[in-house]
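Asks: any chance you can model this:
(2 chains)
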Amino acid sequence: MEMRTIIIIILSLWLSNAALAKAEPIIIVNKNLSESELDSNTIKQIYLGKKTKWDSGSRIVPVALTRGKIHEDFVKTYVKKDANEYATYWKLIIFTGQGVPPKPMDTEKEVVEFVASQDGAIGYVDSTTQPEGVKIIKTK
Amino acid sequence: MEKKQKILFIIIIGLFMLDPSGVFAMEIENVIVHGFVSQGYIKTSENNFIADSTDGTGEFNEAAINFSISPIEDLRVGLQVMSRDLGESGNNNLYIDWVYADYRWKDYMGGRVGLIKIPIGFYNQVREMDFLRTSIFLPQGIYGEEYRSIRTAYHGAGLYGNVPMGVMGDIDYETVLGIAEVDNTEPIFKSMLTVFSALYGGNPADQSVKLDYGFASAIRWNTPIEGLRLGISNLSVKVKISSTTSTGAELDYIIEYPYFYVASVEYTWSGLKAVAEYSGKDVDGELDGSTSAAYNISIQSEAYYGQLSYRFLDRFEIGTSYSVAYLDKDVGDDDIDNYRKDTALSFRWDVLFNMMIKAETHFIEGTSGLLPQYNPELEKDWVLNAVKCTINF
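Replies: A predicted model of the protein is given here:
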């Protein structure tokens, strides 16, 4: 194999990994919610179970992916924990009866479908996804 | 193993097998179910640590299953059934670990009623759940195994909440007021009643220990420095030992903790966790109705530790800690029964997402907290080794 071919293959692999590393989570909410913007601390408080009501007083229904790069990037960016720390945090809450974790979803498709159909729901998906039937939230 | 405990183990293993990949929750008809089971082995070089550990013992296990449901908005009802064994403590009897109704009408205030775990230090509420930490054992000076009956959960009520403080982070607070069932067959209370009987006569079997009340409160500050949290917690209790003496007189001996406070700090960064806690405790005892000070005791105890752990390659954790405990801080190191200094090394391997194996060694000087019924003679320096496997879902 020519050296040029090898370099192209290596560069392609590196660029695809870089692209994966840059997958960014976007926040989606049910269309009926009035919020169009949330600060990152509010998102953190929601996903730690400390904020349970929207400003309107209605219940927040968070959903979370069970695994994967988008889940890891989301908890790192917004909750400021790695995936293992986040799982441990919720196990502590669960085994002392102090709360219930976000509703688990295996795929981004399931996240979008649930958020679209459930009042008060909030979730996250890859920025390359084009979720339909939900509102994309700006974060500050 | 009793039949009920076998059934509990089978249920937990079965539910784990249904979903070994690990999800946040298992839902069965809107009821959320979680559980864990662990089995360990302890061997000490000298001295028996609760169990008959100098010969090595597998009487070291826990299992639990919990259920939670939200029948109406803002109300949640949950229950955890548990079984544990540590030598003569627990003996795999099934019991309710916690059960309560939780109503959260505001994020800054909610209420609980039932059997509620009490917040002392950062880790009392999760002391049985070693899958939440690197080490097998928590530092014994603050989280002594022998006092579980009066420091785990109370029948009563409590308030809790989270208060945001803007740029200063947020505060979690929690209070619990209640009473506790005390199992008089627990080794520490058997020991206590034996001593009482020796002092005042009477048959230990006719005596009882009761917790008249306990009040626990905790404040945790999640600071604006990412990964840093500080906490202060306190427990006040009143314990009554009731006895009928050999002459037929009825006596009550009252033991109170006016305070048992724990100051805590924890910092987590990129797989590294550093924890330090300091506790002070005042223990007062007096014979109820007596004007003589001959029966009075007043002891100030002290305990503290520092702990470091590090997670690497996403599956392994190593940790080390140094802890010190003084039963009576005025006596200090003068009596080996009065203190315990413990250097521990821990290793954890997450074999699967929800299954782990741990190994731990403690190099210990001092024998404070070891029960006399298991230790007719005590050695100052001793080593404790333990291994444990836990699965959870």
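Asks: quick one: the helices in chain A?
Replies: For chain A, the helices defined by DSSP state H cover A:3-21, A:40-47, A:69-74, A:83-95, A:108-117.
Asks: which one of those lies nearest to residue B:336?
Replies: helix A:83-95 (35.8 Å; C-beta to C-beta). Glycine gets a C-beta too; all of them are placed from N, C-alpha and C.
Asks: counting by contacts, list what that closest one packs against.
Replies: The contact analysis (3 or more C-beta pairs under 8 Å, 6 or more residues apart in numbering or on different chains; DSSP states H and E) places helix A:83-95 against strand B:31-44, strand B:60-72.
Asks: just the ones you listed: most buried one?
Replies: Across the helices and strands packed on helix A:83-95, the average number of neighbours (mean count of other C-beta atoms under 10 Å in any protein chain shown) peaks for strand B:31-44, which reaches a mean of 20.
Asks: in stretch B:101-111, which residues are buried?
Replies: Buried residues in stretch B:101-111, counted by 16 or more other C-beta atoms under 10 Å in any protein chain shown: B:102, B:104, B:107, B:110.
Asks: which outside residues touch that stretch?
Replies: Stretch B:101-111 has contacts (C-beta atoms under 8 Å, 6 or more residues apart in numbering or on different chains) with A:50-53, A:97-98, B:74-78, B:112-114, B:157-163.
Asks: roughly how far out does that stretch sit from the chain middle?
Replies: Per C-alpha atoms, centre = their mean, to the nearest Å, the displacement of stretch B:101-111 from the mean C-alpha position of its chain is 25 Å.
Asks: show the contacting residues for the residue positioned nearest the centre of chain A.
Replies: By C-alpha atoms, centre = their mean, the mean C-alpha position of chain A lies nearest to residue A:124, the distance being 3.3 Å. If a contact means C-beta under 8 Å, 6+ apart, then residue A:124 has A:25, A:26, A:27, A:28, A:64, A:65, A:70, A:74, A:111 as its contacts.
Asks: likewise residue A:78?
Replies: A:25, A:40, A:43, A:44, A:47, A:139.
Asks: what residues of stretch A:67-79 count as buried?
Replies: For stretch A:67-79, by 16+ other C-beta under 10 Å, it's A:67, A:70, A:71, A:72, A:73, A:74, A:75, A:78, A:79.
Asks: and the gap between residue B:142 and chain A?
Replies: 18 Å (C-beta to the nearest C-beta, to the nearest Å).
Asks: wait, I meant residue B:45
Replies: From residue B:45 to chain A the distance is 32 Å (C-beta to the nearest C-beta).
Asks: isn't that residue up against residue B:380?
Replies: No: under the criterion of C-beta atoms under 8 Å, residue B:45 is not in contact with residue B:380, lying 11.9 Å apart.
Asks: make a markdown table from the helices and strands packed on helix A:83-95 and add mean pLDDT to it.
Replies: Below are the helices and strands packed on helix A:83-95 laid out as a markdown table (pLDDT from 0 to 100):
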| stretch | mean pLDDT |
| --- | --- |
| strand B:31-44 | 92 |
| strand B:60-72 | 92 |
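Asks: okay if I get the ones you listed as JSON lines plus distance to residue B:191?
Replies: Output for the helices and strands packed on helix A:83-95, formatted as JSON lines (distance: least, C-beta to C-beta, whole Å):
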{"stretch": "strand B:31-44", "distance to residue B:191": "18"}
{"stretch": "strand B:60-72", "distance to residue B:191": "20"}
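Asks: which of those strands sits closest to residue B:346?
Replies: strand B:31-44 (12.8 Å).
Asks: what packs against that closest one?
Replies: Strand B:31-44 packs on helix A:83-95, helix B:3-18, strand B:26-28, strand B:60-72, strand B:381-392, going by 3+ C-beta pairs under 8 Å, 6+ apart.
Asks: repeat the analysis, applying 7 Å as the threshold.
Replies: Helices and strands touching strand B:31-44, by 3 or more C-beta pairs under 7 Å, 6 or more residues apart in numbering or on different chains; DSSP states H and E, are helix B:3-18, strand B:60-72, strand B:381-392.
Asks: dump it to PDB, restricted to CA.
Replies: The C-alpha coordinates for strand B:31-44 follow below in PDB (Å, rounded to 0.1, in the frame of the first residue of the first chain):
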ATOM      1  CA  VAL B  31     -43.500   0.400  40.200                       C
ATOM      2  CA  ILE B  32     -39.700   1.200  40.000                       C
ATOM      3  CA  VAL B  33     -37.600  -1.700  41.300                       C
ATOM      4  CA  HIS B  34     -33.900  -1.800  42.400                       C
ATOM      5  CA  GLY B  35     -31.800  -4.200  44.400                       C
ATOM      6  CA  PHE B  36     -28.400  -5.400  45.300                       C
ATOM      7  CA  VAL B  37     -26.800  -8.500  46.800                       C
ATOM      8  CA  SER B  38     -23.200  -8.800  48.200                       C
ATOM      9  CA  GLN B  39     -21.100 -11.500  49.700                       C
ATOM     10  CA  GLY B  40     -17.800 -11.000  51.500                       C
ATOM     11  CA  TYR B  41     -15.200 -12.700  53.500                       C
ATOM     12  CA  ILE B  42     -13.200 -11.300  56.500                       C
ATOM     13  CA  LYS B  43     -10.000 -12.500  58.100                       C
ATOM     14  CA  THR B  44      -8.200 -10.800  60.900                       C
END
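Asks: please consider this matter closed, and thank you.
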